[in-house]
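Student: Sequence and computational prediction follow.
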Amino acid sequence: MKLTIFGATGRTGRLLVEQALAAGHEVTAFARNPAKLEQTHALLRAVQGDLTNAAQIEAAIQGADAVLSVLGPSNNQATFEISRGMDLILSAMQKTGVRRLVISAGAGVRDPQDKPGVFDKMIGALLKATSRNVVEDMMQAVAKVRACDRDWTIVRVPMLTDDPAKGAIKIGYLGGGVSTRISRADMAAFILKQASDRTYLQQAPVISN
């Protein structure tokens, strides 16, 4: 497959790129500073771009079979860079005819199927108190994806770790048997699988180890 990956130079994004290349996919990695990828590969095309530049985003998405995003806010300022960038990503997908979209978000972004327990509610309240703009940015980005006409999946994750991949992933909703942590490697593997798997089409499951 031909994949365009946003957030490719982040700690999860680099793993996603590595796994995609290892699986034989052609990867376009969109990044403000592609040098941070620290890798070269015959199937890798690193594209320098900014989330505010519609033309750069459209050029990166053109010809893709799927768009994968592991973007997250870089600070707690009220810039809402991710949700604004998502507007441009969705517009570019419509213009270029690309349908499949998989994005990640924190488990603090709720879903109607969630049944959060006391601990989940406490964590949610803490996040809103300490990272209000981060949470709001991702909530807006998720809302835009839910309202779009693309074939989307939203992968929600709890606390991320740098542990080695375990290969065993719990999939569900808050209050439904998922735990509080997942390794970035397992998160990347699940997101990559969704590029061609439609099991969770127009759903927003939580994944954990």
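Tutor: Okay, I see it.

Student: My guess is A107 contacts L174. True?
Tutor: Yes: distance between A107 and L174: 6.3 Å, which falls inside the contact criterion (C-beta atoms under 8 Å). Glycine gets a C-beta too; all of them are placed from N, C-alpha and C.

Student: what's the overlap in contacts for these two?
Tutor: Contact criterion C-beta atoms under 8 Å, 6 or more residues apart in numbering; residues shared by A107 and L174: D120, V206.

Student: Next, give phi and psi for Q202.
Tutor: phi 50, psi 40 (degrees, to the nearest 10).

Student: before we move on, what about I207?
Tutor: I207 has phi and psi values of phi -120, psi 150 when expressed as degrees, to the nearest 10.

Student: what do you get for V178?
Tutor: The phi/psi pair for V178 (degrees, to the nearest 10) is phi -90, psi 160.

Student: Sketch out the low-pLDDT regions of the protein for me.
Tutor: Within the chain, the segments meeting pLDDT under 70 span 118-119, 124, 126-127, 129.

Student: Tell me where it has helices.
Tutor: Applying DSSP state H to the chain gives helices spanning 11-22, 54-61, 81-96, 118-130, 132-147, 184-194.

Student: Neighbours of R146, how many?
Tutor: For R146, the neighbour count with other C-beta atoms under 10 Å is 12.

Student: show me the contacts for it.
Tutor: R146 makes contact with W152, I154, A204 under the criterion C-beta under 8 Å, 6+ apart.

Student: hang on, the last one packs against I154?
Tutor: Yes: the pair A204 and I154 qualifies as a contact (C-beta under 8 Å) at a distance of 3.8 Å.

Student: hey, what's in contact with both of these two?
Tutor: Counting by C-beta under 8 Å, 6+ apart, the shared contacts of A204 and I154 are A105, V109, V142, R146.

Student: What subset of those residues is buried?
Tutor: Buried residues within these, counting neighbours by 16 or more other C-beta atoms under 10 Å: A105, V109, V142.

Student: how about E38, what does it touch?
Tutor: R14.

Student: try L88
Tutor: Contacts for L88 (C-beta under 8 Å, 6+ apart) come out as L51, T52, N53, A54, I57.

Student: Out of the residues you listed, give me the one that has the most neighbours.
Tutor: With neighbours taken as other C-beta under 10 Å, the top of the contacts of L88 is I57, carrying 28 neighbours.

Student: Contacts only, for that one.
Tutor: F30, G49, L51, G85, L88, I89, A92.

Student: could you check the distance from it over to G108?
Tutor: Note on I57: its distance to G108, by C-beta to C-beta, to the nearest Å, is 26 Å.

Student: got it, and A66?
Tutor: According to C-beta to C-beta, A66 stands 25 Å off from G108.
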